Structures are given as structure tokens and as C-alpha cells.
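Student: fold the following and give me the result.
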Amino acid sequence: MRAITVMLIACAAAGPLSAWQPEKYTGPSSEAPLTGLVKSQEPENRLSAIVQTTGVGLASREAMNSPGRAAAVSADLVAPAPAPGPQAATIAPGTKKINSKDGLTYVWIPPGTFQMGCSPADAECFDNEKPAHQVTIAKGFWLGQTTVTQQAYERVTGKNPANHKGAGFPVEEVDWNEATAYCSAIGGRLPTEAEWEYAARAGSTGARYGNLAEIAWYTENSGNASHEPGQKPANAFGLYDMLGNAWQWVADWFGPYAPGAQTDPTGPASGTLREPRGGSWGTTSRLVRASYRGYVEQEHRGNKLGIRCAAE
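Tutor: Residues are numbered from 1 along each chain as shown. Predicted coordinates for the structure are as follows:
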């Protein structure tokens, strides 16, 4: 299998912002036939079906880590987030809120159980996507409806590091530390790898949540450039561009999956590489799958690597 340069990025625990690093991704070049695709459908029509068939349902959230964190998140959302406890069970999947600090829309992702890792009948999986295993997301969370735009990033940080300039385009050229700092500044955090894949699948079990060309910008249809989020159909949770357009940092260190069923996994306790997920406008179809796992140094930046924040 011939190695080629692919675009990804990595990160580490929050600390001083790192210096710019050359962009480098590594991934195999061989392409296998696409498998496991499902037809794209409108999110509104699928939410109730997901609740019925995949274990995604409403449930109470556990208490937040600290009162200060809960207060910060509530203050940042224009419509305050519900207090911890049974009240959270009243939030319907797909409920949206505007964050007052970055002006972006965040979508409520309900708790549920899914199969993480290599999708059934997916012939394109790499070894690090295995074994497939059951994961329960015990608490609902908010997730950006789109990746962070350049306008939002500049509003919060006063900077716009993006290579492909455009207020409504995804911000890129941010390393893991900077992504973590941004999400913290708006009262959120990076999603865990498990939360990201759960939200990306949105109840689907195939390699992608729809027909690749219809739902994602990648090498075959991007015109070698990023695009404003929201031009492709959303997945069943109402999230845009979970696959393609811009890689998205997740919180975890990169490492092998632990076998067996898990609840709210957070990845290895330590490591040397961080994970971007989802693929980008400059990656081939094989990397634009729900289970594909990128890995790079956490100080890495690139013009295909962006941010999508989560919040309690």
C-alpha cells in the first residue's frame, strides 16, 4: 500500500499555544469500492425513527463537573441551558440554541447507544478502526451545527489564521491547543472521539450518513477549495458537514480501541498524537467516512483542519 500525503492535524492537553508547524498527514493511497452507503434523508423525517431503532432517546444528564462550568455554559447560550438533572430530559433531539459569544448555532444531541468503529460491510476500514464496539453516550450534549467559521473565530479571538479567507468559511490553520482554547472561551470544549462519531452517524450504521457526493465536499467535487458550511444536506441530527470540507479536532489522544462495550469513553490517558475526524475538501473518499481516524501532532496546523465545539 503506497503512502501519500493527506491533510490532518493533532493536539495535546491545553497549554501555551504552539508555533506554526508544517502540514503533514499520512494515509494509504489505494482506493476500494465504496460500500455501506445509505440514502440521504431530511433530518426532521428521521429523528423519530432514530429514537425508535437505535437506542437514541431522551434521558437525564448527570451533574456537571463543577457549578462554575455549568454557570459559564448557561451564560454563553442565549437561551440558557437547562440545569443538570431530570430537566434535561425535556430537551428534544435537534433543539437549537445560539451561543452569545461566537454567534453560532448549537444543536442538542440526545444520549444513546451506537456501534463505534468500522461499519458493517465497509471494505475500506483500516486496522485502527477496529474492533467495532458498542458505545453508550450517557448524557446529551450540545454540538456546533457547523464547524467554526472565520467570522466566529475572529469575533472570539480577534484573529483569523485561515488560509482560504471568507467570513462564512471554516476557520483553519488552528492547532489542537488553539481549538481547545477557542471552545473553552465560548463556554464549551472539544467533543470526545466517541461523541463526534455518535453525532456524525446520527443513527446511521453505514460508512457515511448519506451518498458521499451529496453530503460532503472532498477531492472529487470540492474544486480544491473549502466551502461555506451548510450547502450540503444535514445529517439526521441537523448537523452540517460532519464529513468533508474541514477536518475537526476531537479531545482524545490517539490510541487503539479498548475491546468490549463502553460508556462515555475518553480515549487513552496519555499519548503523543491527537485526532482530527471527518475528512476535508482535500481528502480522498476513503478518508471521508464516519469511522476514519486521523492522527497528528497536537501542534500541527493545516489549511484543511478546523473546529467544531461541544458543550454540556
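
Student: count of neighbours near the closest residue to P276 other than its chain neighbours?
Tutor: Excluding the flanking residues, the one nearest P276 by CB to CB, 6 or more residues apart in numbering is W247, at 3.8 Å. Just so you know, the C-beta spots here come from the backbone N, C-alpha and C atoms, and that holds for glycine as well. Residues contacting W247 under the criterion other CB atoms under 10 Å number 32.

Student: for W247, list each beta-bridge partner.
Tutor: L305 (DSSP bridges).

Student: please tell me how far it sits from H300.
Tutor: Separation of W247 from H300 (CB to CB, to the nearest Å) stands at 10 Å.

Student: just for this structure, where's the confidence low?
Tutor: 1-89 (pLDDT under 70).

Student: helices of that one, residue ranges please.
Tutor: 43-53, 67-76, 150-157, 176-185, 193-201, 212-215 (DSSP state H).

Student: so which residues of the chain form strands?
Tutor: 3-6, 25-28, 96-98, 105-109, 112-116, 133-137, 141-144, 247-253, 262-263, 274-277, 305-306, 310-311 (DSSP state E).

Student: so what does the longest one touch, helix or strand wise?
Tutor: Right, strand 247-253. Helices and strands touching strand 247-253, by 3 or more CB pairs under 8 Å, 6 or more residues apart in numbering; DSSP states H and E, are helix 176-185, helix 193-201, strand 274-277, strand 305-306.

Student: for D241, find the nearest of those.
Tutor: strand 305-306 (9.2 Å; CB to CB).

Student: distance from the chain centre to that closest one, please.
Tutor: 10 Å (CA atoms, centre = their mean, to the nearest Å).

Student: which residues sit against that strand?
Tutor: 7-9, 147-148, 170-174, 246-249, 276, 280 (CB atoms under 8 Å, 6 or more residues apart in numbering).

Student: top of those by neighbour count?
Tutor: W249 leads the contacts of strand 305-306 on contacts (other CB under 10 Å) with 35 neighbours.

Student: so what's it up against?
Tutor: 9, 11, 174, 176, 179-180, 190, 274-277, 305-307.

Student: and it, how far from E275?
Tutor: For W249, the distance to E275 - CB to CB - is 7 Å.

Student: do A181 as well
Tutor: On the measure of CB to CB, A181 and E275 end up 18 Å apart.

Student: who has more neighbours, the two?
Tutor: Per other CB under 10 Å, whichever of A181 and E275 has more neighbours is E275, with 29 against 16.
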